[in-house]
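[1] compute the structure for the input listed below.
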Amino acid sequence: MPNWGDLPRAAGGAPITVPRDPAREAARDELLKADYHRHDPSLQERVYDWIMDRINDALDTIAGDGTSGTTGLIVFLVVAVLIGAGLWWRLGAPRRAARTTLDVFGTAGPRTAAQYRADAERHAAAGEWAEAVREQMRALVRALEERTLLDARPGRTADEAAAEAGRSLPEHAAALTAAARTFDDIAYGDRTADRAAYQLLRDLDQALERARPALAAAPGGAA
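    Residues are numbered from 1 along each chain as shown. You can find the predicted model right below:
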């Protein structure tokens, strides 16, 4: 019971009280202030803790008595999935998924296919195979843009260029995909470049210069 003698009083001497609902709202607003939640775990930490709790529960189930072989296998698979999800959350996607989102032309300004080819040949003559591969792939893509087989679009990746060009040049679709993969692995991965990788892209570039795009079929199959 409140001590009515300790409550503040109005001018007439009656005690001043606060209604229940406004008091509850005032307390809630006070507790929502950031100062009270400064040390709360982040969303990532809470999800990670939840995953680790599920892993511990699964391991306890495996270690418990009476677990059949089938049940143990299922639980083991669940544990493996949870561990994989936890690692993905903490470490992020694999490196290749990140690096293939990079622009095939990098940060260089507008250049022609002939300029890229000249740089590629210069790097190849010096035995600088990684640089030669990068410049040769850029020459290949720029040449397709100059022929309007690709629209000139900034931010395009090597994989995207290969997929789009492959629709216009289906006979070279597989070779374009292989070229993009070679470019990605050397430019953004850990593959060592060599003469063979450069020659692969150079030969494809020359073949594409002679290639003619496939004509779209007319509606209804008419010629």
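
[2] following the lowest-mean-pLDDT helix or strand in the chain, which helix or strand shows up next?
    Scoring the helices and strands of the chain by mean pLDDT, DSSP states H and E places helix 95-99 at the bottom, with a mean of 43. Per DSSP states H and E, helix 95-99 leads on to helix 113-125 as the next helix or strand towards the C-terminus.

[3] got the domain boundaries for this structure?
    43-92, 113-210 (automatic domain parsing).

[4] can you put these in a markdown table and add mean neighbour count?
    In short, each C-beta sits where N, CA and C put it, glycine included. Compiled in a markdown table, the domains of the chain are given as follows (neighbours: other C-beta atoms under 10 Å):
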| stretch | mean neighbour count |
| --- | --- |
| domain 43-92 | 12 |
| domain 113-210 | 18 |
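
[5] going by mean pLDDT, which of those comes out lowest?
    Between the domains of the chain, the one with the least mean pLDDT is domain 43-92; it has a mean of 67.

[6] show me the helices in this protein, by range?
    20-31, 43-63, 69-91, 95-99, 113-125, 129-146, 158-168, 173-187, 195-210 (DSSP state H).

[7] what's next to the fifth one, contact-wise?
    By that I understand helix 113-125. With C-beta atoms under 8 Å, 6 or more residues apart in numbering as the test, helix 113-125 has contacts from 129, 131-133, 135-136, 138-140, 142-143, 146, 195, 198, 202, 205.

[8] hmm, which two among those residues are most spread apart?
    Between any two of those, the greatest separation by C-beta to C-beta is 26.6 Å, found for 146 and 195.

[9] distance of residue 47 from residue 82?
    11 Å (C-beta to C-beta, to the nearest Å).

[10] my bad, should have said residue 153
    40 Å.

[11] quick one, what contacts the nearest residue in space to residue 104 that is not next to it in sequence?
    Leaving aside its chain neighbours, residue 104 sits nearest to residue 158 (4.6 Å; criterion: C-beta to C-beta, 6 or more residues apart in numbering). If a contact means C-beta under 8 Å, 6+ apart, then residue 158 has 100, 104, 137, 141, 179-180, 183-184, 187 as its contacts.

[12] please repeat the previous calculation with a cut-off of 7 Å.
    104, 137, 180, 183-184 (C-beta atoms under 7 Å, 6 or more residues apart in numbering).
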